[in-house]
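[1] this one's structure only:
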């Protein structure tokens, strides 16, 4: 099964409501219809590899603005467990700033940062980096989905919540 990261686009008001009452987030996410929700994105186990491509580190050690793409450190409710810890969020202004950066990234630019040896040494999850090209394609597949997800959030002036489970 493993650790997958999911994202949810929410309005400013919905984010505020979830921060005030985190049970609303659980109700929204833990239901049978969530996979059909256009505001929901599952990037599988690619999250740590994407973090590496963006920052040179895994999500747990990453720093700088692009580290907030996966986990911002801003928690909806630090006591809430959304599978493997609390949900993180970026508000709509941060989404715009992050989108400005990731929307300009090209596949070849990310390919130059794809270092299977370093990823293995750093223990970048899910530690599958021996093959190279197939794994890079896996990361790019989900990175492109994440780019489109952020762009849609900008277009709709939304915040983004991320969860690991």
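    Thanks, I have the structure now. Not measured: the values here are computed from a predicted model.
[2] look at the most centrally placed residue in the chain and report its pLDDT.
    Residue closest to the average C-alpha location in the chain (Cα atoms, centre = their mean): residue 70, at 3.3 Å. For residue 70, the pLDDT comes out at 95.
[3] before we move on, what about residue 163?
    Listed pLDDT for residue 163 reads 97.
[4] which element, helix or strand, includes it?
    Assessed by DSSP states H and E, residue 163 sits inside strand 159-164.
[5] ok, that strand: who's next to it in the sheet?
    When pairing is defined by DSSP bridges, strand 159-164 lines up against strand 5-10 (antiparallel), strand 88-90 (antiparallel).
[6] can you add mean pLDDT and give those back as a markdown table?
    Shown next, in a markdown table, are the strands paired with strand 159-164 (pLDDT from 0 to 100):
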| stretch | mean pLDDT |
| --- | --- |
| strand 5-10 | 98 |
| strand 88-90 | 98 |
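[7] and residue 51, which of those is closest to it?
    Smallest distance to residue 51 across those (Cβ to Cβ): 9.7 Å, for strand 5-10. Backbone N, C-alpha and C define where each C-beta goes, glycine included.
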